[in-house]
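S.K.: quick one, structure for this:
(2 chains)
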Amino acid sequence: SQQGEEDPQALSIQEGENATMNCSYKTSINNLQWYRQNSGRGLVHLILIRSNEREKHSGRLRVTLDTSKKSSSLLITASRAADTASYFCATDNSGGSNYKLTFGKGTLLTVNP
Amino acid sequence: NAGVMQNPRHLVRRRGQEARLRCSPMKGHSHVYWYRQLPEEGLKFMVYLQKENIIDESGMPKERFSAEFPKEGPSILRIQQVVRGDSAAYFCASSPVPGQGFSNQPQHFGDGTRLSIL
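M.R.: Numbering: from 1, shown residues only, chains lettered A, B, ... in the order given. Have a look, this model is predicted:
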């Protein structure tokens, strides 16, 4: 698997439900970021979690990071139709170029009204 | 709009032509990154530039591709003699400073240029 690989590839839920997406990576990192991409648009930065942090919240978003397992999860609570988008995790590489983000293929989230 | 501005949004070229993609970073940002996204894929790093300097072009093909970020004006990604395989979405991102350990700044992305090669 590649650095920054999301799971599942696609997720379909009903409005009001929670959505959980996972990300695994391979190298040591300084931080991990989650981005959202609406169809045909650019990436919108959601949240950055540093390697010394285990959990971070921002509104309806909750991100966890487990550096021992090299994994992260993004939880969106009380989902809305407007949350429909692709979600990507991106990692840097603490042993290399920390500006060079590596993205996974993303999770396509569909929230049905 | 104070965000990263890319133009054009869509660009169609015939094989063998040149494609020029432009990116104006967010106000106050002096670091620019270009990424390429193929259909159903994540973004792949191409090049990192500061004003008048290419810092890292390790993700950019050595032939036909070039990038610049002049002292004045936008950053330009130039693709010469385009081929069908160049069809992709090209995204530019900017940051005030690159990642520096625990004081990392996120990269802010533009809406991209969708390049189609006929």
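
S.K.: which other helices and strands does the worst-scoring helix or strand of chain A on mean pLDDT contact?
M.R.: Lowest on mean pLDDT, DSSP states H and E among the helices and strands of chain A sits strand A:5-7, with a mean of 79. Contacts defined by 3 or more Cβ pairs under 8 Å, 6 or more residues apart in numbering or on different chains; DSSP states H and E place strand A:5-7 against strand A:19-24, strand A:85-91. Placement of C-beta: from N, CA and C, glycine included.

S.K.: switch the cut-off to 6 Å
M.R.: Counting contacts by 3 or more Cβ pairs under 6 Å, 6 or more residues apart in numbering or on different chains; DSSP states H and E, strand A:5-7 packs against strand A:19-24.

S.K.: what angle separates the strand it packs on from strand A:85-91?
M.R.: Angle of strand A:19-24 versus strand A:85-91, following axes from the mean of the first three to the mean of the last three Cα atoms, to 10 degrees, is 30 degrees.

S.K.: what lies in contact with strand A:19-24?
M.R.: Contact with strand A:19-24 is made by A:5-7, A:11, A:13, A:71-76, A:79, A:87, A:89, A:107, A:109, as judged by Cβ atoms under 6 Å, 6 or more residues apart in numbering or on different chains.

S.K.: out of these, grab the one that's most surrounded.
M.R.: Of all these, A:C89 has the most neighbours under the rule other Cβ atoms under 10 Å in any protein chain shown, reaching 31 neighbours.

S.K.: for beta bridges, what are the partners of it?
M.R.: Beta-bridge pairing of A:C89 under DSSP bridges involves A:W34.

S.K.: show me the contacts for it.
M.R.: Per Cβ under 6 Å, 6+ apart, neighbours of A:C89: A:4, A:6, A:23, A:34, A:104.

S.K.: of all the residues you listed, which comes closest to B:A2?
M.R.: For the contacts of A:C89, the residue nearest B:A2 by Cβ to Cβ is A:W34; the value is 22.2 Å.

S.K.: give me the neighbour count for B:H29.
M.R.: The local packing of B:H29 (other Cβ under 10 Å) involves 17 other residues.

S.K.: from B:K71, how far off is A:T64?
M.R.: 43 Å (Cβ to Cβ, to the nearest Å).

S.K.: just how off-centre is the least confident helix or strand of chain A within its chain?
M.R.: Its chain's average C-alpha position is 8 Å from that of strand A:5-7, according to Cα atoms, centre = their mean, to the nearest Å.

S.K.: neighbours around the residue nearest to A:A10 when sequence neighbours are not counted, how many?
M.R.: Counting by Cβ to Cβ, 6 or more residues apart in numbering or on different chains, A:A10 lies nearest to A:L108, which is 4.6 Å off, once chain neighbours are set aside. By other Cβ under 10 Å, 19 other residues sit near A:L108.

S.K.: who does A:L108 bridge with?
M.R.: Note on A:L108: beta-bridge partners by DSSP bridges are A:A10, A:S86.

S.K.: next one: A:L74
M.R.: A:M21, A:V63.

S.K.: hang on, it packs against A:V63?
M.R.: Yes: in terms of Cβ atoms under 6 Å, A:L74 counts as a neighbour of A:V63; the distance is 5.5 Å.

S.K.: using the three-state scheme, assign B:G85.
M.R.: helix (DSSP: H, G, I helix; E, B strand; the rest coil).

S.K.: how many neighbouring residues does the spatially closest residue to it that is not a sequence neighbour have?
M.R.: Closest residue to B:G85 apart from its sequence neighbours, by Cβ to Cβ, 6+ apart: B:I117 at 7.9 Å. B:I117 has 19 neighbouring residues, counting by other Cβ under 10 Å.

S.K.: thanks a lot, see you next time.
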